[in-house]
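Novice: 3D, please:
(one chain, ligands or ions: 1)
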Amino acid sequence: MQKVLIIGSGGAALAAAVSAKENGAEVIVVGKEYPTRSQTCMAQGGINAALYAPDSIEQHIADTLAAAKGLANEEAVTLMCQQAPSAIAWLDAIGTPFSRTPTKQIAQRRLGGASHPRACYAQDYTGLKILHTLYDYANKLGVTFVNEHFLLELLTNEQKQVCGALFYDIRNGRVESIQASSVILATGGYSKLYHTHSTNSKAATGDGIVAAAKVGAKLSNMEFIQFHPTALKSSSILISESARGAGGKLLNSSKERFVDELKPRDEVSLAIYRQMQAGQEIFLDIRHLGEEFITKELPQERKLALLYENVDPLTELLPIKPAAHYTMGGISVDLKMQSTLKGLYAVGECSESRVHGANRLGGNSLLEIIVFGKIAGENAAKNKQEVFVCSEEKILHAKEKLQKLFTKNPTKNIYDTRKTLGDLFYEKCGIERSEKELQTLLQKIEEIQNSLNDYGIEDKAHNYNTNIVDYFEFENILYIAKEVATAALKNDTSVGAHRRSEK
Ligand SMILES: Cc1cc2nc3c(=O)[nH]c(=O)nc-3n(C[C@H](O)[C@H](O)[C@H](O)COP(=O)(O)OP(=O)(O)OC[C@H]3O[C@@H](n4cnc5c(N)ncnc54)[C@H](O)[C@@H]3O)c2cc1C
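Specialist: Here you go, the predicted model:
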C-alpha cells in the first residue's frame, strides 16, 4: 500500500488527506499545531464558485485571469474554476454549514474583483467551518494525525526523490523521522515575514517552502505578496472583504470616498497607501449596514473590531491600514501539484500553482485548497515509489545540530530581530518597492544571516519549549526574507502586487 505523508494540517492538508485516503493510501498528517487551529480557520469572507446564473464558470475564469494581471496559467485557472461547483457540493454533502438564502440555495456574496456575488460563506466563519468539517471527515476515514511536530527537513534518497521528513517533537524535544512513498507539503504561506504588519497567524513562516528549497525544489513568484486593504490599524487583524462586498465604504480623514471599494485588492491597497502617504487616515464605514445585517452576516467582524481596536462598527468608523495577507509565491507545481522533485507534492498557500499570478482574487484561496488539495492527494496516492528507510547518519546530524542549540548561549535576541525585520519589510518591500530600498534591505538580511551564530535559545527545556519553535521559525523567515528581497530586486516591472518605484 502507498504511504502518503502530508506535512501541515490546514485546509489544503485535510482535503489532500481525505482524497489520498479515498484513493487507497495509508495517510499520515503531521503538523506543528493542532489541525483545528490552522490558519485556514481565520478565513472569513468565503469560497468562490459560479453556482447560479447569471454567473458562469467562464466569468469566474475571466475575473481570476484579469486579477492575476497576465501571470496566471489559463489551464490551471480553468481547472480550478470548473471544479468549483462540485467542490462546494462536496463540502456541503460532508456537512459544511453554509449560510442559505430564504429559498435554501447556498448564499453567496460579492468580493473585490468579482463580477458577480460568487463567494459561498458560513456567516463570516467560512474557513473555520470548512476546516472543522474536513477534520471530522478525515478522522472518520481513519487518517492518522500527529500533532505538535515541527518539520525540520525533507529526506531524499540517492535518486533525489523525496522520501520522508525529519520532525522535532515539540512535546518532548525528540527528533523523529517519518518515511513515505510520497510527501505532500501543505505548510501555508509566509506573510508573517511582515510580523506585526500581517493579518496572518504566527505559524505562517514559510517553513515548508524553505525545506523544499533546501533539497532543490524550484520556487517561483516569491516577490508577490498581497496586501489586504482593510486590516485594523493597531493590530493588523483582518476585517473581511465581505464588509466592503456588503456596501462598506472607505473614507479618508475628510470623510471622503477615494476609490471603488470593490476593485481587486492590489488596486484598493495602492489607493489607500497613496492617501496615507499624503497624510490621510483611512476608515472603513459599515454603520449604514445596520445592526440586524451585521449581527446576522458579519458577527465576527464586529467582535474583532471591539476586541482589538475597541471600536464598535455599528456606531463608529473603523481605523484601517493595508497589511501583508497572502503570499502568491511558493513551491512551483504542475497541474498534478507535483513539484520539480520526484515524490514531492505541494498544495495550498505554500505552493505556486499558477492560479493567482500577480494578485489573488478574494475567495479563490479556499477554493484552491479544496480543488487542488484533492488533486494532490489523488496523485500522491498513485505515486508508485518505494518507501525508503532514512539513513541513521541524517538523523544523527539533525540531533547534533539540535544539541548545539541547547549548549550555546545567545548574545542576540530573535524576537527583537523578527520585529526589526518585519518593520523593515513593511517599509522597504511593502506596497511600493524601489531598487535602492531593496538593496538596503538585502544588505540588512545578509548582516543578520552572517551573525546567525549569535542567536539561539534562552529556554533549554526539552518539553513544550516554545522558544525553540520560535527559533526554528526565525531561521526559516530569514531564508524566506532573502528569497523575497532577491526576487523583488530582480523584477523591475510593476505588476499587480509587485509595484516598483524608482524613488
Ligand atoms: C484572516 C484571514 C482571512 C482569510 N479569508 C479568506 C477568505 O475568506 N477566502 C479565501 O479564499 N481565503 C481567505 N484567506 C486565505 C486562506 O485562508 C489561506 O490561504 C488558506 O486557508 C491556506 O490554507 P493552507 O492549508 O494552505 O495553509 P494553512 O491553513 O496556513 O495551514 C498550514 C499548516 O501547516 C502547518 N505547518 C506550518 N509549518 C509547519 C512545520 N514547520 N511543521 C509542521 N507543520 C507546519 C501549520 O501548523 C498548519 O497546520 C484568509 C486568510 C487570512 C489570514
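Novice: list the residues that contact residue 268.
Specialist: 112, 229, 250, 259, 260, 261 (C-beta atoms under 8 Å, 6 or more residues apart in numbering). In this view, the C-beta of every residue, glycine as well, is placed from N, C-alpha and C.
Novice: what is the nearest of those residues to the ligand?
Specialist: residue 112 (11.2 Å; C-beta to the nearest ligand atom).
Novice: residues contacting that closest one?
Specialist: Residue 112 neighbours (C-beta under 8 Å, 6+ apart): 241, 244, 245, 261, 262, 263, 264, 265, 268, 361, 362.
Novice: how many other residues sit next to the third one?
Specialist: Okay, so that is residue 245. 25 (other C-beta atoms under 10 Å).
Novice: of the contacts of residue 268, just the buried ones, PyMOL syntax please.
Specialist: In PyMOL, a selection of the buried entries from the contacts of residue 268 looks like this (16 or more other C-beta atoms under 10 Å):
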select buried, resi 112+229+250+259+261
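Novice: okay, the contacts of residue 268 in TSV with distance to the ligand next?
Specialist: Shown next, in TSV, are those (distance: C-beta to the nearest ligand atom, whole Å):
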residue	distance to the ligand
112	11
229	13
250	18
259	21
260	20
261	16
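Novice: if we can go back for a sec, by neighbour count, which of the contacts of residue 112 wins?
Specialist: Within the contacts of residue 112, most neighbours by other C-beta under 10 Å means residue 362, with 32 neighbours.
Novice: quick one, phi/psi of it?
Specialist: Torsion angles at residue 362 (phi, psi; degrees, to the nearest 10) stand at phi -50, psi 140.
Novice: the one 3 residues further on now?
Specialist: Backbone torsions of residue 365, given as degrees, to the nearest 10, read phi -80, psi -40.
Novice: just residue 319 next, same as before
Specialist: Residue 319 adopts backbone torsions of phi -70, psi 130, taken as degrees, to the nearest 10.
Novice: excluding covalently adjacent residues, which one is nearest to it?
Specialist: Leaving out its chain neighbours, the residue that sits closest to residue 319 by C-beta to C-beta, 6 or more residues apart in numbering is residue 233, at 3.9 Å.
Novice: ok, that neighbour to residue 256 distance?
Specialist: Note on residue 233: its distance to residue 256, by C-beta to C-beta, to the nearest Å, is 18 Å.
Novice: these two: which is more packed in?
Specialist: Of the pair residue 233 and residue 256, residue 233 is the one with more neighbours under other C-beta under 10 Å, namely 18 against 11.
Novice: got a list of what the more buried one touches?
Specialist: Contacts of residue 233 (C-beta under 8 Å, 6+ apart): 309, 319, 320, 321.
Novice: residue 283 is in contact with the second one, correct?
Specialist: What it means is residue 319. Yes: contact criterion C-beta atoms under 8 Å: residue 319 and residue 283 qualify, at 5.9 Å.
Novice: what about the two, which has more around it?
Specialist: Set residue 319 next to residue 283 and count neighbours by other C-beta under 10 Å: residue 283 wins out with 19 against 15.
Novice: assign that one to helix, strand or coil.
Specialist: strand (DSSP: H, G, I helix; E, B strand; the rest coil).
Novice: list the contacts of it.
Specialist: Residue 283 neighbours (C-beta under 8 Å, 6+ apart): 250, 251, 252, 317, 318, 319, 320.
Novice: helices - which of the residues you listed land there?
Specialist: Within the contacts of residue 283, no residue falls in helices by DSSP state H.
Novice: how close does residue 212 get to residue 167?
Specialist: From residue 212 across to residue 167, the span is 15 Å (C-beta to C-beta).
Novice: look at the two and report which has more neighbours.
Specialist: Using other C-beta under 10 Å, the more surrounded residue of residue 212 and residue 167 is residue 212, with 29 against 23.
Novice: the more buried one contacts residue 185, doesn't it?
Specialist: Yes: assessed by C-beta under 8 Å, residue 212 is found in contact with residue 185 at 6.0 Å.
Novice: can you check which residues contact both of the two?
Specialist: Both residue 212 and residue 185 are contacted by 331, 339, 344, 346, 350, under the criterion C-beta under 8 Å, 6+ apart.
Novice: now, those residues that are in strands?
Specialist: Of these, the ones assigned to strands by DSSP state E are 331, 344, 346.
Novice: need those in JSON lines (columns: pLDDT and distance to the ligand).
Specialist: Shown next, in JSON lines, are those (pLDDT from 0 to 100; distance: C-beta to the nearest ligand atom, whole Å):
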{"residue": "331", "pLDDT": "98", "distance to the ligand": "11"}
{"residue": "344", "pLDDT": "97", "distance to the ligand": "15"}
{"residue": "346", "pLDDT": "98", "distance to the ligand": "9"}
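Novice: where does this structure dip in pLDDT?
Specialist: For the chain, applying pLDDT under 70 flags the ranges 390, 503.
Novice: now residue 439. Nearest residue, chain neighbours left out?
Specialist: Residue 439 sits nearest to residue 489 (C-beta to C-beta, 6+ apart), 6.8 Å away.
Novice: that neighbour - that's part of a helix, no?
Specialist: Yes: counting by three-state DSSP, residue 489 falls inside a helix.
Novice: quick check: of the contacts of residue 233, which lies closest to the ligand?
Specialist: residue 320 (13.6 Å).
Novice: so the closest one touches residue 238, yeah?
Specialist: No: Residue 320 lies out of contact with residue 238 (C-beta under 8 Å); the separation is 9.8 Å.
Novice: among the contacts of residue 268, which are in helices?
Specialist: Short answer: these have none in helices (DSSP H).
Novice: what about stretch 231-246, distance to the chain center?
Specialist: Distance of stretch 231-246 from its chain centroid, counting by C-alpha atoms, centre = their mean, to the nearest Å, is 17 Å.
Novice: which of the ones in strands among the shared contacts of residue 212 and residue 185 sits closest to residue 160?
Specialist: Nearest to residue 160 among those is residue 344, at 10.0 Å by C-beta to C-beta.
Novice: widest-spaced pair of the shared contacts of residue 212 and residue 185?
Specialist: 344 and 350, at 11.4 Å, using C-beta to C-beta across those.
Novice: quick check: neighbours shared by residue 320 and residue 238?
Specialist: Listed as contacting both residue 320 and residue 238 by C-beta under 8 Å, 6+ apart are 230, 231, 232.
Novice: spell out which residues of the stretch 351-500 of the chain are next to the ligand.
Specialist: Counting by C-beta under 6 Å from any ligand atom, the stretch 351-500 of the chain comes close to the ligand at 362, 363, 364, 365, 366, 369.
Novice: what are the ranges of the helices in the protein?
Specialist: Using DSSP H, the helices of the chain run over 11-22, 57-67, 74-93, 126-141, 207-214, 242-245, 265-277, 291-297, 299-309, 364-382, 392-407, 414-428, 435-450, 466-490.
Novice: the second one relative to helix 74-93, how many degrees between them?
Specialist: So that's helix 57-67. Orientation check (axes from the mean of the first three to the mean of the last three C-alpha atoms, to 10 degrees): helix 57-67 against helix 74-93 gives 120 degrees.
Novice: for stretch 302-309, which positions count as buried?
Specialist: Within stretch 302-309, the residues that count as buried by 16+ other C-beta under 10 Å are 302, 304, 305, 309.
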